[in-house]
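# Model the structure of this input:
(one chain, ligands or ions: 1)
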Amino acid sequence: MSDVDADRRSGAASDDTAAQFVDLHDVEAAAAGRLDEMTLGYYSGGAGEERTLRANLTAWGELDLWYRTLVDVAHRSTATSVLGCDLPVPILVAPTALHRLAHPDGELATARACSQAGVPMVVSSLSSTLLEDICAATTAPVLLQLYIGAHRAVTEALVARAEAAGCVGVQLTVDTPIWGDRHRERRTGFHLPDGIDVVNLTRHAGLTRQSGPAGAPADRSSGTGGIGDVLGWTVSPSVTWDDLAWLCDLTPLPVLTKGVVRPDDARRALAAGAAGVVVSNHGGRQLDGGPATARALGPVAAAVRAADPAATVLVDGGVRSGADVIRALALGADAVQLGRPVLWGLAVGGQDGVAQVLDLIATDVDRSMALTGCASLGDVTADLLHPG
Ligand SMILES: Cc1cc2nc3c(=O)[nH]c(=O)nc-3n(C[C@H](O)[C@H](O)[C@H](O)COP(=O)(O)O)c2cc1C
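Here you go, the predicted structure:
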């Protein structure tokens, strides 16, 4: 074990936020030098040969931005609103599991950085900190990400807790009937280290950490050494559109379906009662071979707008710059979600590291608006990608 690994595990990691990062790739490089092999493999890996993971990153750059000239952009606003919440920038923190693998303060550090920046945090149902404690640590809006697993009572309890804790919405992840085959997790032997657990499910629902509820069905992704072995019971291969309708009836909170890449699925989601969709392929961690989200977004956003102009469209996967955010909005998204960069920030500097990541991207959104000739986000329209 390296000294850094020992520090992380003892909860005494010396943070590295004195470093001046120029972009999110710098933060990633610094994080890679600090994380132990298992955590780095879990955070950075995708499924299979990682084609979708790579495509997520490259596809944004293939969209040229046809910038406007001689526009007065002296006064700019990056503000918007999503699900009735005012956002300083069109950015949310995507749900990612187990933040305490990156830093002893885990999700609390992320939540505090979101508070500083006013950026909403989508909390993974597989977080390593209790939902209530995360909500108490931030003044920014919080959404709960859900999987519907084998035991419906667990989902119901979690939704009730989200309502009580003041969450403003739910994201139901729909790309995970079983866990994807992540080779890096298998090679490094993914497991939950002592003292780190999916506490929202285990501590409050009375489940056992490795095997879940007695009688939970095994799936064929189990037994290969990866997340399917450790957390296979947290998802269910028999979840359907009826279950989405059930969830939308269960809670007054707006429900977004996360993991949609097809226009027909987006239409079905709205018909089942969803308030919108998150165009996502789980950061390339589920089906290897799925489309890059930059390619899926346009058709899905068009289908959603045609069905309900007021519905919400978010996107995540490979967003790494302000220009990527502008591209996503020009394709029809209301806002984007950032996944791995937040984890890199957490690894290099806890709360300050996440704050630095959010500041880097917010500054770059503002810069990209000026350079594309947009004074407000309302000016970010489809003609930036297809000029007349
Ligand atoms: C380490 C890790 C854990 C994740 N955990 C979850 C999760 O618990 N629930 C979920 O819906 N998505 C999860 N995701 C997917 C993210 O929400 C998001 O879709 C993806 O990371 C976006 O791509 P990006 O990392 O390229 O920004 C996870 C992603 C990573 C990298």
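# all strands for the chain, in order.
When assigned using DSSP state E, the strands of the chain occupy the ranges 80-82, 85-87, 91-93, 121-123, 142-146, 169-173, 255-260, 276-279, 312-316, 335-338.
# Any chance of those in a markdown table with distance to the ligand, mean pLDDT and mean neighbour count as columns?
The way it works is simple: take the backbone N, C-alpha and C, and place the C-beta from them, glycine included. What follows is the strands of the chain, written out as a markdown table (distance: least, Cβ to the nearest ligand atom, whole Å; pLDDT from 0 to 100; neighbours: other Cβ atoms under 10 Å):
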| stretch | distance to the ligand | mean pLDDT | mean neighbour count |
| --- | --- | --- | --- |
| strand 80-82 | 16 | 98 | 18 |
| strand 85-87 | 17 | 97 | 16 |
| strand 91-93 | 9 | 98 | 27 |
| strand 121-123 | 7 | 98 | 28 |
| strand 142-146 | 5 | 98 | 25 |
| strand 169-173 | 4 | 98 | 25 |
| strand 255-260 | 5 | 98 | 26 |
| strand 276-279 | 8 | 98 | 29 |
| strand 312-316 | 4 | 98 | 26 |
| strand 335-338 | 5 | 98 | 26 |
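# Now distance to Tyr42 too, for those strands, in CSV please.
What follows is the strands of the chain, written out as CSV (distance: least, Cβ to Cβ, whole Å):
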stretch, distance to Tyr42
strand 80-82, 29
strand 85-87, 29
strand 91-93, 18
strand 121-123, 18
strand 142-146, 17
strand 169-173, 17
strand 255-260, 19
strand 276-279, 21
strand 312-316, 18
strand 335-338, 18
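# closest to Ala296 out of those strands?
Set against Ala296 and scored by Cβ to Cβ, the strands of the chain come closest in strand 276-279, at 5.4 Å.
# Now do that closest one: everything it contacts.
171, 254, 256-261, 265-266, 269-270, 293, 296-297, 300-301, 304, 311-317, 333-334, 337 (Cβ atoms under 8 Å, 6 or more residues apart in numbering).
# buried set for stretch 126-138?
Residues Leu126, Ser127, Ser128, Thr129, Leu130, Leu131, Ile134, Cys135, Ala137, Thr138 are the ones in stretch 126-138 that count as buried (16 or more other Cβ atoms under 10 Å).
# restrict these to those near the ligand?
When Cβ under 6 Å from any ligand atom is applied, the members of the buried residues of stretch 126-138 adjacent to the ligand are Leu126.
# quick one: which of the buried residues of stretch 126-138 is nearest Leu98?
The shortest gap between Leu98 and any of the buried residues of stretch 126-138 belongs to Ser128, at 4.8 Å (Cβ to Cβ).
# Isn't that closest one up against His103?
No - taking Cβ atoms under 8 Å as the definition, Ser128 is not a contact partner of His103, at 10.4 Å.
# Surely Val82 touches Pro120?
Yes - with contact defined as Cβ under 8 Å, Val82 and Pro120 form a contacting pair (7.2 Å).
# what is in contact with those two at once?
Leu92.
# can you tell me which residues contact the residue nearest to Ala113 when sequence neighbours are not counted?
When the adjacent residues along the chain are set aside, Ala113 lies closest to Val354, with 3.5 Å between them (Cβ to Cβ, 6 or more residues apart in numbering). With Cβ under 8 Å, 6+ apart as the criterion, the residues that contact Val354 are Val93, Ala109, Thr110, Ala113, Cys114, Val342, Gly345, Leu346.
# From the ligand, how far off is Val354?
Using Cβ to the nearest ligand atom, to the nearest Å, one obtains 14 Å as the distance from Val354 to the ligand.
# for the strands of the chain, which one sits closest to Leu158?
Leu158 lies closest to strand 142-146 among the strands of the chain, at 6.5 Å (Cβ to Cβ).
# Just checking: what are the partner strands of the closest one?
Here the strand partners of strand 142-146, with direction, are listed using DSSP bridges: strand 121-123 (parallel), strand 169-173 (parallel).
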